[in-house]
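K.L.:
Structure of the sequence below:
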Amino acid sequence: MTILVAGATGNVGRQLVGQLARAGQPVRALTRDPERADLPDGVQPVSGDLTRPDSLRQALDGATALHLLTYSDSTPLETGPEIVKLAVEAGVRRATVLWGGMKGPVEHAVMAADWEWTILEPVEFMSNALEWVNSVREEGVIREAFPEVLSAAVHEADIAAVAATALVEGGHGGKSYNLTGPEALTMYDKARIISAATGHDIELVQLTREQANQRLRDRDVPEDVIDYVVGWHANPPASAYTVDPTVEQITGRPARTYAEWVAEHADAFRLPGVGE
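P.N.:
Reported below is the predicted structural model:
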């Protein structure tokens, strides 16, 4: 089995590549810039761009399993049918898909193909907190809208572990998995946990909905995506804050806590000279 991982330098993809490599699985890491990928020993970097399906032919040659993304640079991928067609023709027989919050062209194409597919539906990534690094380090502040809303965010390593299990072991075909962490937290809870880990009091500043919209506009996020993302955070479905046991059921180990994630990344948030 040779597994091709798209988005190999992203938060989930890098975890997945590392887990597969440590398990001794032949793994190829798909990236636009292989020379800068900084991958684990034994991982084969391959060049390709999901927005240009023809660029994937060499990477797919000989691959039997595939991990896919549904977004490219905050924009939903429209090339799902072409990617899936090339993958099936190349001999890929098993695929996992990391969705972006709604089923789009990639998911529909994957689910229509004659292979074993699994859709991964994390409610929110713990790694989203990395967006706060600069404001925490420079000002001791986190700025977010809807701070009282609960979320059962999931560690990217747990998302990767579910993907690795599905890709290597099989038996998860035709399944869509809602993935959460082991607890539902508000933004206030998260700020408190980061404060405890870094030894620095962090202030949570509440943004208005329009300020949240504008922040995404400033990042050139499309308006329809802004409406969806901000609307979701304002009024998430019950599945977003209801703890789900799927991670432990699939991987055989408890889902990692938010405190564990913060401990792993505390140095990124810590102010110079604080807690050292």
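
K.L.:
Point out where this structure drops to low pLDDT.
P.N.:
272-276 (pLDDT under 70).

K.L.:
can you map out the strands along the stretch 51-200 of the chain?
P.N.:
65-69, 71-72, 75-76, 94-98, 116-122, 141-144, 175-179 (DSSP state E, counting those that start in this stretch).

K.L.:
can you pull the contacts of the residue nearest to residue 47 when sequence neighbours are not counted?
P.N.:
In space, and not counting its chain neighbours, residue 47 is closest to residue 34: 5.3 Å by Cβ to Cβ, 6 or more residues apart in numbering. Placement of C-beta: from N, CA and C, glycine included. By Cβ atoms under 8 Å, 6 or more residues apart in numbering, residue 34 lies in contact with 45, 46, 47.

K.L.:
hang on, residue 65 packs against residue 2?
P.N.:
Yes - at 7.4 Å, residue 65 and residue 2 qualify as touching, with contact defined as Cβ atoms under 8 Å.

K.L.:
between these two, which one's more packed in?
P.N.:
The residue with more neighbours, out of residue 65 and residue 2, is residue 65; 25 against 17, by other Cβ atoms under 10 Å.

K.L.:
Identify the bridge partners of the more buried one.
P.N.:
residue 3, residue 94 (DSSP bridges).

K.L.:
Next, the contact list for it, please.
P.N.:
1, 2, 3, 4, 92, 93, 94, 95, 167, 168.

K.L.:
Only the buried members of the residues you listed: can you turn that into a ChimeraX selection?
P.N.:
Selection of buried members from the contacts of residue 65 for ChimeraX, criterion 16 or more other Cβ atoms under 10 Å:
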select :2,3,4,92,93,94,95,167
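
K.L.:
Show me the contacts of residue 34 that map onto strands.
P.N.:
Of those, the ones assigned to strands by DSSP state E are 45, 46, 47.

K.L.:
Can you give me the neighbour number for the first one?
P.N.:
Pointing back at residue 45 there. Neighbours around residue 45, by other Cβ under 10 Å: 19.

K.L.:
What separation do you get for it and residue 109?
P.N.:
Distance of residue 45 to residue 109, computed by Cβ to Cβ, to the nearest Å: 25 Å.

K.L.:
for the last one, same thing?
P.N.:
Residue 47 sits 22 Å away from residue 109, going by Cβ to Cβ.

K.L.:
Between the two, tell me which one has more neighbours.
P.N.:
residue 109 (22 against 15).

K.L.:
wait, doesn't that one sit right on residue 83?
P.N.:
Yes - with contact defined as Cβ under 8 Å, residue 109 counts as touching residue 83 (7.2 Å).

K.L.:
give the contact list for residue 183.
P.N.:
Residue 183 touches 152, 243, 257, 258, counting by Cβ under 8 Å, 6+ apart.

K.L.:
Quick check on the last one: phi, psi?
P.N.:
Spelled out, that is residue 258. phi -60, psi -40 (degrees, to the nearest 10).

K.L.:
Could you do the second one as well?
P.N.:
Comment: the main-chain dihedrals of residue 243 come out as phi -60, psi 130, following degrees, to the nearest 10.

K.L.:
count of neighbours near it?
P.N.:
If we define neighbours as other Cβ under 10 Å, then residue 243 has 14 of them.

K.L.:
hang on, it packs against residue 153?
P.N.:
No - using Cβ under 8 Å, residue 243 is not in contact with residue 153, being 10.9 Å away.

K.L.:
what is in contact with these two at once?
P.N.:
180, 181.

K.L.:
Run through the helices of this structure in chain order.
P.N.:
Applying DSSP state H to the chain gives helices spanning 11-22, 57-60, 80-90, 105-112, 133-139, 156-169, 187-198, 209-217, 223-234, 246-251, 258-269.
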